[in-house]
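[1] With the sequence up front, the predicted model follows.
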Amino acid sequence: MLSIQNLEAKIDNKNILNGLNLNINPGEVHAIMGPNGSGKSTLANVLSGKNGYETKGQIKFNGENLGELTTEERAQKGIFLAFQYPLEIPGVNTNIFLRTSLNAVRKAKGEKEIDTLSFLKLIKEKASELGIDEKFLSRQLNVGFSGGEKKKNEILQMKLLQPKLSILDETDSGLDIDALRIVADGVNSYKNKDNAFLIITHYQRLLDYIRPDFIHVLSNGKIAKTGGSELGIELEKTGYANIG
Amino acid sequence: MKTEDLKNTQEYKYGFTTEVENIRAPKGLNEETIKFISKIKKEPKWMLDWRLKAYNRLKALKEPNWQKPKYPKINYQDLYYYSAPKSASEKPKSLDEIDPKILETYKKLGIPLVEQQRLNGIAVDAVFDSVSVATTFKDELTKKGIIFCSISEAIQKHPELVKKYLGSVIPLSDHYFATLNSAVFTDGSFVYIPPNTRCPMELSTYFRINASETGQFERTLIIADKGSYVSYLEGCTAPMRDENQLHAANVELVALDDAEIKYSTVQNWYPGDKNGVGGIYNFVTKRGACRGKNSKISWTQVETGSAITWKYPSCILQGDNSVGEFYSIAITNNFQKADTGTKMIHLGKNTKSKIISKGISAGNADNMYRGLVDIKNKASNSRNYTQCDSLLMGNKCGAHTVPYIKNNNATSTIEHEATTTKINEDQLYYCNQRGLDQEEAVSLIVNGFCKEVLQQLPMEFAVEAQKLVSISLEGSVG
Ligand SMILES: Nc1ncnc2c1ncn2[C@@H]1O[C@H](COP(=O)(O)OP(=O)(O)OP(=O)(O)O)[C@@H](O)[C@H]1O
Ligand SMILES: [Mg+2]
């Protein structure tokens, strides 16, 4: 589904990614761990097409060259990023944002726009699965949401848009114990043989709930080590000192 | 995201010209021109005298110069003050006598005038350069005693009302442009709602500038008698030209006891091109008097067009318990400039005013909110709430807020809040990541920003206005 070859990324003349390779197949869950500043969010941004990076190397998504696509085209083709720091957009009603977004994705797929009533039914259902109070949906997008509420709202959007590749950037940071479980359940219930996950995290506890097929350690802009789900437990004990 | 520009700005959709044969007054501002206008409109002598009085006062006045947007000197002797399609100069006419080209023009503008295609529930007065060419639904309104016609017609048919109220809100020598208008005004709408009558439909005037080198001097007068209600909307467009054209309007509203006037404007005059060439100078005096107790005047404006917009729709709250409101969206893009806001003058007791202003600036544009809240010493227990929000797109545009506040009554309160925000790249990236393209993202954010004002518009126009807001900002984020 995703194949990254020799990816380099530079911003303001600073090298952040230095020849990164990664392959993700449908049905797989990959976790990325690594020290602060090692380039994890940068990788997520480059994959979703954020402006401002100078990149080299190749990223293919379902056979298509990602470098030629805009951020919204990538999103429409099924790349979803749950942000480490979700943005607040004052004045924009959450429901309207979600519906506009869903319709943009549907339109790109050649599907019909969803009408207001069907949308409200759908979103109510998805919100209740995540224990999100309906009242949040009529508030301004992320404005005044607590850290955890913002993260849940990201997962709600993931479940709504049904992406092929979901990149979760530290979605677990800031979640309380119950919320962590709810979010993990949300991911697990969405997971199937056709979609894939790239989960950026600092903590093994999320990986206790969502068992990854692979754990990669990012260090100095490269994948320094790859292992199975046991690698997380090992890192928890030893830290990153011996890697990279 | 690709860095290439957005699909470039849509051309101004209303920029076409209609080829009609015109009757014009000779160029220049002088007594002859004024007499020409008065004569062609078959005005009574008192009207001509009133105009000439204004003209004499004008000679002693100077153009104001305190506003932020400066403009090159206007040569008033090089303008036409009256231009009308020849076919429309013999008013009043029935609809089937109107030049098909003019009907076609309004149809293209989305304002069909002929019976079968009329907008439901909206009566329209169509003003083309210096004349009103048609007013729809007149008969239905007449049955209720409502008068809705051109001001020219009102001067002939309802002189007692015109004499009583014209100039009663904007005095003859108020300031340069208002006085100029009093001398040379050509057409506009007249509305009278009789006591205890709720006007059953939206009344609206559609102003179209067509001829070149011509100033448009609109005059509108709306009177809501005791216990009545009316909602009125005006729209404006003009052809694309390299020259700057002047639209200097006077609008007067009078609300008597327990009456309410809701006045909405969707202003989409030609804004000039991307480099700031051409466009309308929209220098307008709008003032409403809440003359009776418990009366209410509410101004809503969506200002997206014009090279320069310079106006302060105001309320004089004379009656006790009267209410004034001002809801404004002013959008400036490219090289457009706006200096707009309101004046709320509290004279009566328990008077309330509310000001919600949303300024949006993009490109190289400059957007100024300027407003006065003046609570006089007899206006006890009065209140004002003002909120001014500015939204900036890019680094080359400007936003300014200049509130003037005077409170001479210790029992009264004035509250003022102001914010300035910038649409930032990260918000747009977030929207893009959710599948929205640049335009959809900007439109969503901007419409969210203006929501409080858009909600004030009559339903039929809110959707249009929302689209207009998005279109006028197209291409402003690269
Ligand atoms: N615009 C920029 N200009 C200069 N340096 C930048 C810029 N953006 C990011 N960086 C740097 O790139 C490095 C990688 O940042 P990134 O956000 O990808 O790290 P991360 O692995 O996600 O860290 P964390 O675990 O703290 O979230 C950091 O050192 C950061 O300071
Ligand atoms: Mg990060």
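    Perfect, thanks for sending it. All values derive from a computational prediction rather than experimental measurement. Ligands and ions are numbered 1, 2, ... in the order given.
[2] Would you map the helices across the chain?
    You didn't say which chain, so I picked chain A. For chain A, the helices defined by DSSP state H cover A:40-48, A:71-76, A:94-108, A:116-129, A:147-161, A:177-190, A:204-209, A:230-238.
[3] could you do chain B instead?
    B:31-40, B:45-59, B:100-108, B:138-143, B:151-157, B:159-165, B:176-184, B:425-433, B:438-454, B:459-472.
[4] Can I get the last one as CSV, trimmed to CA atoms?
    If I follow you right, that is helix B:459-472. Listed next in CSV are the C-alpha coordinates belonging to helix B:459-472 (Å, rounded to 0.1, in the frame of the first residue of the first chain):
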residue,chain,number,x,y,z
MET,B,459,-33.2,33.8,4.0
GLU,B,460,-33.5,34.3,0.3
PHE,B,461,-30.3,36.3,0.2
ALA,B,462,-28.2,34.6,2.8
VAL,B,463,-27.1,31.8,0.5
GLU,B,464,-26.2,34.2,-2.3
ALA,B,465,-24.3,36.4,0.1
GLN,B,466,-22.4,33.4,1.4
LYS,B,467,-21.4,32.5,-2.1
LEU,B,468,-20.4,36.0,-2.8
VAL,B,469,-18.2,36.1,0.3
SER,B,470,-16.3,33.0,-1.0
ILE,B,471,-16.1,34.3,-4.5
SER,B,472,-14.7,37.7,-3.5
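[5] any idea how far chain B is from the residue nearest in space to the middle of chain A?
    Geometric centre of chain A, nearest residue: A:Ile167, 2.2 Å, by Cα atoms, centre = their mean. A:Ile167 sits 10 Å away from chain B, going by Cβ to the nearest Cβ, to the nearest Å. For every residue, glycine as well, the C-beta is placed using N, CA and C.
[6] Not counting sequence-adjacent ones, nearest residue to B:Ala462?
    Take B:Ala462 and drop its neighbours on the chain: the residue closest to it by Cβ to Cβ, 6 or more residues apart in numbering or on different chains is B:Leu454, 5.6 Å away.
[7] May I have the residues that are in contact with that neighbour?
    Residues near B:Leu454 by Cβ atoms under 8 Å, 6 or more residues apart in numbering or on different chains: B:Val302, B:Ile329, B:Asn447, B:Ala462, B:Ala465, B:Gln466, B:Val469.
[8] next one: A:Ala104
    A:Glu72, A:Ala75, A:Gln76, B:Arg434, B:Gly435, B:Leu436, B:Asp437, B:Glu440.
[9] Put together JSON lines for those, with distance to A:Lys191 and neighbour count on each row.
    Putting the contacts of A:Ala104 into JSON lines (distance: Cβ to Cβ, whole Å; neighbours: other Cβ atoms under 10 Å in any protein chain shown) gives the following:
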{"residue": "A:Glu72", "distance to A:Lys191": "25", "neighbour count": "25"}
{"residue": "A:Ala75", "distance to A:Lys191": "20", "neighbour count": "27"}
{"residue": "A:Gln76", "distance to A:Lys191": "21", "neighbour count": "22"}
{"residue": "B:Arg434", "distance to A:Lys191": "21", "neighbour count": "25"}
{"residue": "B:Gly435", "distance to A:Lys191": "21", "neighbour count": "29"}
{"residue": "B:Leu436", "distance to A:Lys191": "26", "neighbour count": "26"}
{"residue": "B:Asp437", "distance to A:Lys191": "29", "neighbour count": "21"}
{"residue": "B:Glu440", "distance to A:Lys191": "30", "neighbour count": "19"}
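[10] Take these and write them to TSV, including distance to B:Thr386 and pLDDT.
    Putting the contacts of A:Ala104 into TSV (distance: Cβ to Cβ, whole Å; pLDDT from 0 to 100) gives the following:
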residue	distance to B:Thr386	pLDDT
A:Glu72	38	96
A:Ala75	40	97
A:Gln76	42	97
B:Arg434	35	97
B:Gly435	38	97
B:Leu436	33	96
B:Asp437	36	92
B:Glu440	32	90
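[11] quick one: which of those is nearest to B:Leu95?
    B:Glu440 (40.6 Å; Cβ to Cβ).
[12] My guess is that closest one contacts B:Leu428. True?
    No. B:Glu440 is beyond contact range of B:Leu428, at 10.3 Å (criterion: Cβ atoms under 8 Å).
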